[in-house]
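K.L.:
need the 3D shape of this:
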Amino acid sequence: MKSAGVLLSSCLALVLVLAGCSAYSKFVEIGTSAKYVSFGNTYPPKPEECPIEIFAAKLPDRPYEELGVVEGKETVMLLGSGDVLPEMIQEACQAGGDALIMIGDEEITTKTENGSTTTRYVSATLIRWSGEVE
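P.N.:
So this is what the prediction gives:
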């Protein structure tokens, strides 16, 4: 009977672990968003998945015009990892831009009753190459 008790205990432990994972996973939330704020000049949108260059460590070495700012936000609660950059690139394409110059990246973690929430704020200047004809 000892082996039956061990088997029952093992099964019960497995059920509790799976139930705990299920309850824990429902608190995992990932949300991303991006918005474009124009400086004034507007251009027609580019195709949805247009190539956008990303400059994070240095400025571009050719002439460009600043079109506006793309602001991204992602929120992660407990586990997980979102990526706001694809949404920022989509905004850049819709605004007719060619590249993003990253200007800010900040994370703020807030404790909640269910653990913690981390919100990441990312901002970039949207640019268009000067003198290029489409």
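
K.L.:
CA only for contacts and neighbour counts going forward, please
P.N.:
Noted.

K.L.:
quick one: low-confidence parts of this protein?
P.N.:
Where the chain drops to pLDDT under 70, the residues are 1-30, 77-82, 132-134.

K.L.:
so what's the most centrally placed residue in the chain up against?
P.N.:
Per C-alpha atoms, centre = their mean, the C-alpha nearest to the average position across the chain is that of residue 84, at 2.0 Å. Residues near residue 84 by C-alpha atoms under 8 Å, 6 or more residues apart in numbering: 32-34, 72-74.

K.L.:
now for those, which pair is the farthest apart?
P.N.:
34 and 74 (8.7 Å; C-alpha to C-alpha).

K.L.:
now do residue 51 against residue 97, distance only.
P.N.:
10 Å (C-alpha to C-alpha, to the nearest Å).

K.L.:
and those two? Which one has more around it.
P.N.:
Under the criterion of other C-alpha atoms under 10 Å, the comparison of residue 51 against residue 97 puts residue 97 first, with 28 against 15.

K.L.:
picking that back up, and which of the contacts of residue 84 is nearest residue 122?
P.N.:
So of the contacts of residue 84, ranked by how close each gets to residue 122 (C-alpha to C-alpha), first place is residue 72, at 4.9 Å.

K.L.:
the closest one is in contact with residue 107, isn't it?
P.N.:
No. Counting by C-alpha atoms under 8 Å, residue 72 stays clear of residue 107, with 11.8 Å between them.

K.L.:
what's in contact with stretch 95-113?
P.N.:
Residues contacting stretch 95-113 (C-alpha under 8 Å, 6+ apart): 36, 42-46, 51-56, 59, 67, 92, 116-129.
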